[in-house]
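Chemist: sequence? don't have it. structure:
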């Protein structure tokens, strides 16, 4: 059905389903490239050897980062309903209790914020969380290892890669009226 402005109407639940399916495909198809980027980074003195099937922390960080963006695109109330639908769908997909998944996402968001303080940049927080969750500090040269801070060149490369894992809510809102 078209509105007066030519936008199709789509329900909050449908938006959540599209989001979950697309993000999961991105993670399934893209994590191996991210693992390769990390393993082949010249900033590490020894390769971290992240396995292509070790996507658990990455999945949670991508999910938490994307959920953190929802309130920027939807009004209060609607953002919470969309988030609830997203959590329901992911819980179903991973066969986990929705409340447990919600707590894991909340903990990951808090972790990202702590590691990224005082910056509010979500992608930077995601990159720093990946750096910590995969314990990449122990693979760095002594200078950055002693600082317990990621090499900024590596973090920038990781942030550039993570841009591809962010859902484009603007595109959805340009094309559809979420009801």
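Modeler: Perfect, I can see it now. These numbers come from a predicted model, not from an experiment.

Chemist: surely residue 9 forms part of a helix?
Modeler: No: Residue 9 sits outside any helix when classified using DSSP: H, G, I helix; E, B strand; the rest coil, being strand.

Chemist: run through the bridge partners of it.
Modeler: Residue 9 forms beta bridges with residue 177, as assigned by DSSP bridges.

Chemist: what's the distance between it and residue 75?
Modeler: 16 Å (CB to CB, to the nearest Å). C-beta: built from backbone N, CA, C; applies to glycine.

Chemist: quick one, which of those two is more surrounded?
Modeler: Per other CB atoms under 10 Å, whichever of residue 9 and residue 75 has more neighbours is residue 9, with 12 against 9.

Chemist: so that one touches residue 177, yeah?
Modeler: Yes: contact criterion CB atoms under 8 Å: residue 9 and residue 177 qualify, at 5.0 Å.

Chemist: okay, the nearest residue to residue 70 once chain neighbours are set aside: pLDDT?
Modeler: Residue nearest to residue 70 in three dimensions, not counting chain neighbours: residue 79, with 4.8 Å by CB to CB, 6 or more residues apart in numbering. On the pLDDT scale, residue 79 is placed at 95.

Chemist: so who does residue 79 touch?
Modeler: Neighbour list for residue 79: 70, 71, 73 [criterion: CB atoms under 8 Å, 6 or more residues apart in numbering].

Chemist: and it, its phi and psi?
Modeler: In terms of degrees, to the nearest 10, the main-chain angles of residue 79 are phi -60, psi -40.
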